[in-house]
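Student: Sequence first, then the predicted structure:
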Amino acid sequence: MEQGFGGGSADAATFINLMNNLYELNLSQEEKIDIAKQVGADVPVLLTNGLKLMENIGEKITKIDSKMSYYFVIIKPDITLNTGEMYRKLDNNFFSQDFIKYNNEVNEVIKSIKNQDLLTITKNLYNSFDNVIEKESVITKIKEDFIKFGAMASFMTGSGSAVCGIYKEKKEAKESYYKLKEKYKNMFYAKTI
C-alpha cells in the first residue's frame, strides 16, 4: 500500500467494468466515469488502457496516441507516505514558483509523446509531490542513484513512495536493475506496451 501506483483505484475501475459485464448493464463510458468519479479522482482514467491526459480532478480524460517504447526500473523503499499528508504538504506549497514552473510544461510533454521524443519527455517530466519531499530522504537518494546508473529521468510515483527510473534501452535498464538490486530489495522491471 501507499506506493503511488493507484493500485486501489485500478481495482475499483476493474470492479466497475466487471459488474457492467457480469450483469449486462450496458453502461456507457460516460456512465461508468460518473460512477468512478464518486469512488476516486484517478479511477475514471483506469477504466480503459492506454496513455491519457487527466484534467480537472481526473474526470476530463483525453487519449494520447503513442507507439513509443521505453523501460522502467521501480524501487519501493521501506517507507510509506500518507496520501492525505502528502496532499496537505502540496496544498501548502501550491503557489511556489517551482510548482507553477513545472505545471506549465505539460503541453511540451504531450507534444513530445506524439513525436516519440523520449529525451524531451524525460527533460520535462515531473511529479509535483517531489517538491514536498525532504532533500535528505531515501526518496531523494533513490532518484540520485537512478541518475547515477544511467536513467534518463527519475521521479516518485504518485504521492509515493515508489520511485521510477526511465531508460531508453533494455540493456541500460537491466544493468541499472542489477546494480541497484545490491542496495534496494523491493525492485521491479517493466517495459511499456
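Tutor: Noted; the coordinates are in hand.
Student: May I see the domains of the chain written out as residue ranges?
Tutor: Recorded structural domains for the chain (assignment: automatic domain parsing) are 7-63, 71-191.
Student: Tell me which of these is the most buried.
Tutor: domain 71-191 (a mean of 16; mean count of other CB atoms under 10 Å). Where C-beta positions appear, they are placed from N, C-alpha and C, glycine not excepted.
Student: sorry, back to before: would you reformat the domains of the chain as JSON lines and include mean pLDDT?
Tutor: Output for the domains of the chain, formatted as JSON lines (pLDDT from 0 to 100):
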{"stretch": "domain 7-63", "mean pLDDT": "87"}
{"stretch": "domain 71-191", "mean pLDDT": "86"}
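Student: Just read off the phi/psi values of the residue nearest in space to the middle of the chain.
Tutor: Centroid check for the chain by CA atoms, centre = their mean gives residue 157 as the closest residue, at 4.6 Å. Main-chain dihedrals, residue 157, degrees, to the nearest 10: phi -90, psi 130.
Student: in the protein, which spans are strands?
Tutor: For the chain, applying DSSP state E gives strands covering 52-55, 60-63, 71-75, 153-156, 163-167, 187-191.
Student: any chance of the ones you listed in CSV, plus distance to residue 86?
Tutor: Formatted as CSV, the strands of the chain follow (distance: least, CB to CB, whole Å):
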stretch, distance to residue 86
strand 52-55, 18
strand 60-63, 23
strand 71-75, 18
strand 153-156, 10
strand 163-167, 14
strand 187-191, 21
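Student: Of all those strands, which one is nearest residue 142?
Tutor: Closest to residue 142 of the strands of the chain is strand 163-167 (CB to CB; 4.3 Å).
Student: Isn't the residue nearest to the centre of the chain up against residue 125?
Tutor: No. Taking CB atoms under 8 Å as the definition, residue 157 is not a contact partner of residue 125, at 11.6 Å.
Student: do you know which of the strands of the chain lies nearest residue 20?
Tutor: With CB to CB as the criterion, residue 20 lies closest to strand 60-63 of the strands of the chain, at 17.3 Å.
Student: what separates the nearest residue to residue 47 once chain neighbours are set aside from residue 85, distance-wise?
Tutor: Sequence neighbours aside, residue 13 is the residue nearest to residue 47 in space, at 4.9 Å (criterion: CB to CB, 6 or more residues apart in numbering). Remark: distance between residue 13 and residue 85 (CB to CB, to the nearest Å) = 25 Å.
Student: ok, back up a step: isn't the residue nearest to residue 47 up against residue 37?
Tutor: No. When contacts are counted by CB under 8 Å, residue 13 is not listed as touching residue 37 (11.3 Å).
Student: who touches both of the two?
Tutor: 43, 44 (CB atoms under 8 Å, 6 or more residues apart in numbering).
Student: which residues sit in contact with the residue nearest to residue 47?
Tutor: 36, 43, 44, 46, 47.
Student: Thanks a lot, catch you later.
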